[in-house]
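K.L.:
turn this into a model:
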Amino acid sequence: MTDSRKHGWRKWLGPFLQTLATLALIAWILWRNDGTAVLVRLKDVDASWLSAAISLLVVSVFLGALQWERLLAVQGLSIPAGRLLRAYSLGMFLNFVLPSGVGGDVVRAVQVHRDTKGGAKGIAATLLDRFAGLFTLALFAAVASVLLAMGHPDPLFRKLAIATGLVAASFCVVSAVLFSRRVVGWIAPVARLFGEGPLLDKARNLRAAFLEYREHPVLVSQVVGLSVATQFLRLLVHWCCAKAMGLPLDLAWILLFVPVVALISVLPISVGGWGLREGTQKTFFSLPGVMPGLSAHDAGAGALALALTTSLLGMLVPALVSLVSGLFLSHRPNAAVARSES
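P.N.:
As a prediction, the model looks like this:
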């Protein structure tokens, strides 16, 4: 077998396995759950609460695009607002449909490079934008774990909340340590053991771009504020969807479990996290006591219906924003030509 054929086989093997894993996860979820009960939950959705969820998600897309713009500004990069919004929302959509789960971030980084020739700087800003969201969600989970541990009467659930919160807090601590200049200084000599080359040079450039944020505390504080607002709105989307389905789901459980689901769904196991995300969310939210007053059967159906609804909204709303912004951008040059001819 020639090298080109081997490369082609390896190129398609990963996506093929992820597609198989996605189909297997979805089939397993459908087999393990009552599809009719899930459909009943979806059919009886309250339109007003669902509209509120959609509105919150749209606002979060605009805030998320602004957060990305601030991160690019630290690197001295600038993209016109309309193009930036379209790239950001398109990236959100593609993260749900591309095999890697981060394909949308790659598309955003490519857009930055096309518009600014930013190279490692654009990649660093895009990676940090994704990372900031996960970091903020982990902080929410850590805070929610404390609230649930103090207020929940069941010792087992207090232990569950504490364990989940410790995982989230550990993610935050490790993330903060990795941005330390001292730690980066320790890693650099180890990296040199692997020799010099283009890949190591790119890693150095990316490291330098990351550390650039330490020199801009004001802009970083803006990013933190935007990240908190953006992620909280997206958590509220889950709460509004639960209200739309009449599910007795406390916001604290959403703050605790959704960040963990988000971290798990990043794993490159299935296409866009489908199946993995819904199965994990259904498992968490259908635990006894999370939705008091519902039987195990109804809680499971409701949790799965909620997971499907939030996933579909997370995919379709950014797609709509991307489409509208793209139409607006395509219309503007035509309008400019019309004005010049008049």
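K.L.:
what does the pLDDT read for the nearest residue in space to Ser265 that is not next to it in sequence?
P.N.:
What sits nearest to Ser265 in space, not counting adjacent residues and going by C-beta to C-beta, 6 or more residues apart in numbering, is Gly273, at 3.4 Å. In this view, the C-beta of every residue, glycine as well, is placed from N, C-alpha and C. What the model reports as pLDDT for Gly273 is 70.
K.L.:
state the distance from Gly273 to Leu50.
P.N.:
Distance, Gly273 to Leu50, by C-beta to C-beta, to the nearest Å: 22 Å.
K.L.:
neighbour count for those two, which is higher?
P.N.:
Gly273 (24 against 17; other C-beta atoms under 10 Å).
K.L.:
was I right about that one contacting Phe96?
P.N.:
Yes: the pair Gly273 and Phe96 qualifies as a contact (C-beta atoms under 8 Å) at a distance of 7.5 Å.
K.L.:
so where's the stretch 101-250 of the chain shaky on pLDDT?
P.N.:
101-102, 151-154, 156, 175-211 (pLDDT under 70).
K.L.:
before we move on, back to that, distance of the residue nearest to Ser265 from His113?
P.N.:
26 Å.
K.L.:
what's the answer for Gly275, then?
P.N.:
From Gly275 to His113 the distance is 32 Å (C-beta to C-beta).
K.L.:
check Gly246 too.
P.N.:
Taken as C-beta to C-beta, the span from Gly246 to His113 is 47 Å.
K.L.:
separation between Ala109 and Gly289?
P.N.:
43 Å.
K.L.:
coming back round to it: looking at Gly246 and His113, which one has more neighbours?
P.N.:
His113 (17 against 14).
K.L.:
please tell me how far the more buried one sits from Leu39.
P.N.:
The value you get for His113 to Leu39, if C-beta to C-beta is used, is 44 Å.
K.L.:
could you do Arg86 as well?
P.N.:
For Arg86 relative to Leu39 (C-beta to C-beta), the value is 34 Å.
K.L.:
more neighbours: these two, which one.
P.N.:
More neighbours surround Arg86 than the other of Arg86 and Leu39, with 23 against 12 (other C-beta under 10 Å).
K.L.:
now the strands for the stretch 51-200 of the chain?
P.N.:
With strands called from DSSP state E, counting those that start in this stretch, the stretch 51-200 of the chain shows none.
K.L.:
of Ala109 and Gly289, who's got more company?
P.N.:
Applying other C-beta under 10 Å to Ala109 and Gly289 shows that Ala109 carries more neighbours, namely 22 against 13.
K.L.:
in contact with Tyr233, which residues are there?
P.N.:
If you look again at residue 233, you'll see it is Leu, not Tyr. 56-57, 59-60, 63 (C-beta atoms under 8 Å, 6 or more residues apart in numbering).
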